[in-house]
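Asks: Coordinates only, no sequence provided:
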């Protein structure tokens, strides 16, 4: 582990000095060099993730696809979403627009006695071990992600944004970052502030995000794969998550009093661990691979039309705003 960390630090230093630092000087941003160095770490993580996706997950998709690829244009749009996030463009926007606000918020909270919890100090000598503390924070953040995901499917205004993610009917490893930017903003606001509250170290936070994103790339991949009866209950598999995207299964519930009237809800909200779905009775372990998408894409609504979620990046963002305003 120490060797890998040292290699990463050397690569981050080289990338910063060779590329990022000269660019920052040329744009008059010398006062932000420390932040630029941190951003270089995120950029390097994103580049490594893209390498893993292309070298490992892409061949798996070709090996045992769930369905033939028939809509490459839709996949190319998902690639744009992935590059925006993995190359740090979304984080760059967050930094300039919201970091000053978050810093001011936490300064005010600390002045009023709100302190960081530091979960890794709960059991000195045990929980402060790097591997143990990483596992603790990984489980805590995964529980948080489960409830964020439940919220995205429970609150109608949030679903109007999050439904863009589910509107992809040609799921691949690129589909993970297909989200409305406002949805990503709400998600980031929650996660960043919880990270501040529980005291996760910056390096551990980067690693947790990297592990989560790569696992989600595999979960969304067009691959007929499950982890066996026991493994399915330890880690979210592509089969488990595909059911979450399945039309009429993963993001709808059918109340007993009205079977023919689905409402927001669904199954398989877990991001890394299926434990939360098992604990809160939202797990579906059926071994099936259904068509993905949203019901209103394929079934006409009261007006006799199916919903258009948009084809290109900007149209998808615009349609999301229209749904939020009740005009689409």
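Replies: Nice, thanks for sending it over. Since this is a predicted model, take the numbers as computed values, not measurements.
Asks: Give me the pLDDT value at residue 130.
Replies: What the model reports as pLDDT for residue 130 is 84.
Asks: burial count for it?
Replies: 14 (other Cβ atoms under 10 Å). C-beta here means a position set from N, CA and C on the backbone, and glycine is covered the same way.
Asks: can you check the one 5 residues further on too?
Replies: The criterion is other Cβ under 10 Å. On that basis, residue 135 has 12 neighbouring residues.
Asks: Report the distance from stretch 77-86 to the chain centre.
Replies: Distance, stretch centre to chain centre, for stretch 77-86: 12 Å (Cα atoms, centre = their mean, to the nearest Å).
Asks: for it, which positions count as buried?
Replies: 77, 78, 81, 82, 84, 85, 86 (16 or more other Cβ atoms under 10 Å).
Asks: any idea how far residue 265 is from residue 149?
Replies: Distance of residue 265 to residue 149, given as Cβ to Cβ, to the nearest Å: 12 Å.
Asks: and these two? which has more neighbours close in?
Replies: Neighbour count, other Cβ under 10 Å: between residue 265 and residue 149, residue 149 has more, with 21 against 16.
Asks: and the closest residue to the more buried one other than its chain neighbours, helix, strand or coil?
Replies: Closest residue to residue 149 apart from its sequence neighbours, by Cβ to Cβ, 6 or more residues apart in numbering: residue 269 at 4.2 Å. Three-state call for residue 269 (DSSP: H, G, I helix; E, B strand; the rest coil): coil.
Asks: I figured residue 269 was touching residue 279, is that so?
Replies: No. Contact between residue 269 and residue 279 fails when scored by Cβ atoms under 8 Å: they sit 11.3 Å apart.
Asks: which outside residues touch stretch 298-317?
Replies: 73-74, 77, 80-81, 163-164, 167, 180-181, 247, 294, 296-297, 318-319, 328 (Cβ atoms under 8 Å, 6 or more residues apart in numbering).
Asks: Could you pull out the buried residues of that stretch?
Replies: 307, 309, 310, 313, 316, 317.
Asks: now stretch 220-238
Replies: Here stretch 220-238 shows 220-227, 232-233, 235-238 as buried, counting by 16+ other Cβ under 10 Å.
Asks: end to end, how far does it reach?
Replies: 6 Å (Cα to Cα, to the nearest Å).
Asks: Show me what the helix or strand of the chain with the lowest mean pLDDT is packed against.
Replies: Every helix and strand of the chain was ranked by mean pLDDT, DSSP states H and E. The lowest is helix 89-111, at a mean of 83. Packing contacts for helix 89-111, counted by 3 or more Cβ pairs under 8 Å, 6 or more residues apart in numbering; DSSP states H and E, involve helix 33-52, helix 72-86, helix 181-198.
Asks: Name the residues that touch the helix or strand following the longest one?
Replies: Past helix 33-52, further along toward the C-terminus, the next helix or strand under DSSP states H and E is helix 58-63. Taking contacts as Cβ under 8 Å, 6+ apart, the residues outside helix 58-63 that touch it are 172, 173, 218, 221, 222, 223, 225.
Asks: again, only using 6 Å
Replies: Helix 58-63 has contacts (Cβ atoms under 6 Å, 6 or more residues apart in numbering) with 221, 222, 223.
Asks: so how far is it off the chain centroid?
Replies: Centre to centre, stretch against its chain (Cα atoms, centre = their mean), the figure for helix 58-63 is 22 Å.
Asks: Tell me how the protein divides into domains.
Replies: With domains defined by the TED database, the chain comprises 1-63, 72-325.
Asks: Pick the most deeply packed of the ones you listed.
Replies: Among the domains of the chain, domain 72-325 has the highest mean neighbour count (mean count of other Cβ atoms under 10 Å), at a mean of 17.
Asks: From start to finish, how long is that one in a straight line?
Replies: So domain 72-325: terminal residues 30 Å apart, Cα to Cα.
Asks: can you give me the offset of it from its chain's centre?
Replies: 5 Å.
Asks: what's the answer for stretch 21-37, then?
Replies: Averaging C-alpha positions (Cα atoms, centre = their mean) puts stretch 21-37 28 Å from its chain's average.
Asks: same question for that stretch, mean pLDDT?
Replies: Averaging pLDDT along stretch 21-37 gives 93.
Asks: Tell me what the residue nearest to residue 245 when sequence neighbours are not counted is bridged to.
Replies: When the adjacent residues along the chain are set aside, residue 245 lies closest to residue 292, with 4.1 Å between them (Cβ to Cβ, 6+ apart). Residue 292 has these beta-bridge partners by DSSP bridges: residue 246.
Asks: show me the contacts for residue 168.
Replies: Per Cβ under 6 Å, 6+ apart, neighbours of residue 168: 175, 178.
Asks: Sorry, wrong one. I was asking about residue 153.
Replies: 159, 251, 264, 266.
Asks: Between the buried residues of stretch 77-86, which sits nearest residue 68?
Replies: residue 78 (16.8 Å; Cβ to Cβ).
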